[in-house]
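Peer 1: coords please:
(one chain, ligands or ions: 2)
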Amino acid sequence: MVGNGAREHAILHALARSSHQPELLCAPGNAGIADVARVVPIPVDDMPALVNLAVTEQVDLVVVGPEGPLVAGLADELQEASILCFGPTKAGAELEGSKAFCKEIMEAAEVPTAAYRVVTTVEDGLRAIAQIQHGRYPTVIKADGLAAGKGVIIAADEHEAKAALETLLIEHRFATSQVVVEEYLVGAEVSLLALCDGVRAVPLASAQDYKRIFDGDGGPNTGGMGSYSPVPAIDQQAAVALTARIHQPVLDELKRRGILFHGVLYAGLMLTADGVKVLEFNARFGDPETQAILPRLKSDLLELLVAASTTGGLDGIELEWDSDSAVTVVLASAGYPESSSAGDVISGLDGARSDVAVTHAGTALNDDGETVTAGGRVLSVTALGPDTAAARVTAYAALDTIDFPGRQLRRDIAEKVVHT
Ligand code: AMP
Ligand code: GLY
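Peer 2: Ligands and ions are numbered 1, 2, ... in the order given. Next comes the predicted model:
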């Protein structure tokens, strides 16, 4: 496993349940991951060291958590070394690495998405906005490259749009030379992830995440403050139908271009009055969606990941899900998302209940062997229940026993769920 977040911890928990009893290795991991896997302190961007570790340890499968190493070509390097990898090659990961490429593929594959233009100057950007939006605001302006979730600007008027275009195209805030200008969509946001074996997409259960730091979707965007799964509006039957309209045409279009996409194709969807539209694709498991999705999976995740890493391997595979719902709530450290704090001792971890899963993100062990904060998002707690209401009661009860100075959390995760 490559990565060090709660997403990776949740994947490892699911792999540990496999009937094949795999030996688990994680680089670089964190204090919680060390309980389920042997951790090796190699950062996710040290590609030669990761490949070398995989070769010397003779690993059977590498699962890549974050997008950075995928966009940088880790899957290609592993392929060169004849090591099976769950995660797309650099060419496939461009779906996440370049918003312009993502839009081009969607257009070619006739996947419903917001109207858009790719521009390289402020003047062209303003002209494109006028064409797409017919003078109406807000509008959406997106940096082309990876921007850790900070490259999307919703501009309320022409003044803000111009300022955003200047920030991206003149100041080069995200080292990008092109920008996607996009029609503003209104609706509920849902994440639908699919396992892909190069030719076929098989949906995971639907989920919703909460991106803003404060209750009621206030304050700045974060890496994600909570999630729940499934979304009642998208049951497994609806997920299959959506995958046929959204993920499968993208896989087919990539294949036409000689790209076999292996891994998770994550669609960020907007349920608009005009039907479902794609906001973005990611080339990996979502965080914190994964923490809510995987505890409900009854199928053997290891078998699924191996199958997806082999072309056509998912053929005939049906996923089995627990009928329970899952709710995940994230605990963040003081200052997040602008900054984060480190070294605060986390209490109550030992008493965590057996019906909840605690997954670690920014945690470390101090010199006294205590678990301390070491980043913005510190850990997440997932609980299962017969419905989301029951699951959220259990999740918050468990959370209230875990504490550290400056602890931040949202109290409204899964309070309202998307029904239609
Ligand atoms: P993205 O990284 O493209 O998913 O964008 C990040 C967030 O910006 C999304 O989760 C949405 O909340 C918002 N967003 C992106 N594109 C649009 C759009 N076309 N209309 C409205 N909101 C959007
Ligand atoms: N939950 C948003 C993401 O993983 O990108």
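Peer 1: gap between the residue lying closest to V36 once chain neighbours are set aside and D315?
Peer 2: Using C-beta to C-beta, 6 or more residues apart in numbering and skipping residues adjacent in sequence, the residue nearest V36 is L12, 4.9 Å away. In this view, the C-beta of every residue, glycine as well, is placed from N, C-alpha and C. Using C-beta to C-beta, to the nearest Å, one obtains 27 Å as the distance from L12 to D315.
Peer 1: out of the two, which sits in the busier spot?
Peer 2: Taking other C-beta atoms under 10 Å, L12 and D315 do not tie; L12 has more neighbours (27 against 11).
Peer 1: was I right to think the more buried one contacts A37?
Peer 2: Yes - contact criterion C-beta atoms under 8 Å: L12 and A37 qualify, at 5.3 Å.
Peer 1: which residues do those two both contact?
Peer 2: By C-beta atoms under 8 Å, 6 or more residues apart in numbering, L12 and A37 have these common neighbours: M1, L24, C26.
Peer 1: residues in contact with the first one?
Peer 2: Neighbour list for M1: 8, 11-12, 15, 24-27, 29, 33, 37, 62-63, 65 [criterion: C-beta under 8 Å, 6+ apart].
Peer 1: among these, which one has the most neighbours?
Peer 2: E8 (31 neighbours).
Peer 1: measure it to A75 for me?
Peer 2: For E8 relative to A75 (C-beta to C-beta), the value is 16 Å.
Peer 1: and what of T371?
Peer 2: According to C-beta to C-beta, T371 and A75 sit 32 Å apart.
Peer 1: higher neighbour count, the two?
Peer 2: A75 (27 against 21).
Peer 1: just the pLDDT for that one.
Peer 2: For A75, the model assigns a pLDDT of 98.
Peer 1: check which helix or strand covers S227.
Peer 2: Assessed by DSSP states H and E, S227 sits inside strand 226-229.
Peer 1: residue ranges for the helices of the stretch 1-150 of the chain, please.
Peer 2: Secondary structure of the stretch 1-150 of the chain (DSSP state H, counting those that start in this stretch): helices at 6-16, 47-56, 67-71, 74-80, 90-97, 99-109, 122-133.
Peer 1: with distance to ligand 2 added, can I get those helices in a markdown table?
Peer 2: A markdown table is the format used below for the helices of the stretch 1-150 of the chain (distance: least, C-beta to the nearest ligand atom, whole Å):
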| stretch | distance to ligand 2 |
| --- | --- |
| helix 6-16 | 8 |
| helix 47-56 | 21 |
| helix 67-71 | 8 |
| helix 74-80 | 18 |
| helix 90-97 | 9 |
| helix 99-109 | 13 |
| helix 122-133 | 25 |
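Peer 1: mind telling me which residue of the stretch 251-400 of the chain is nearest ligand 1?
Peer 2: E280 (3.5 Å; C-beta to the nearest ligand atom).
Peer 1: quick check on that residue: phi, psi?
Peer 2: Phi and psi for E280, reported as degrees, to the nearest 10, are phi -160, psi 160.
Peer 1: for the closest residue in space to A273 that isn't next to it in sequence, what are its contacts?
Peer 2: With sequence-adjacent residues excluded and distances taken as C-beta to C-beta, 6+ apart, A273 is closest to G187, at 7.1 Å. Going by C-beta under 8 Å, 6+ apart, G187 touches M270, L271, T272, A273, K277.
Peer 1: that's all I had, so thanks and see you.
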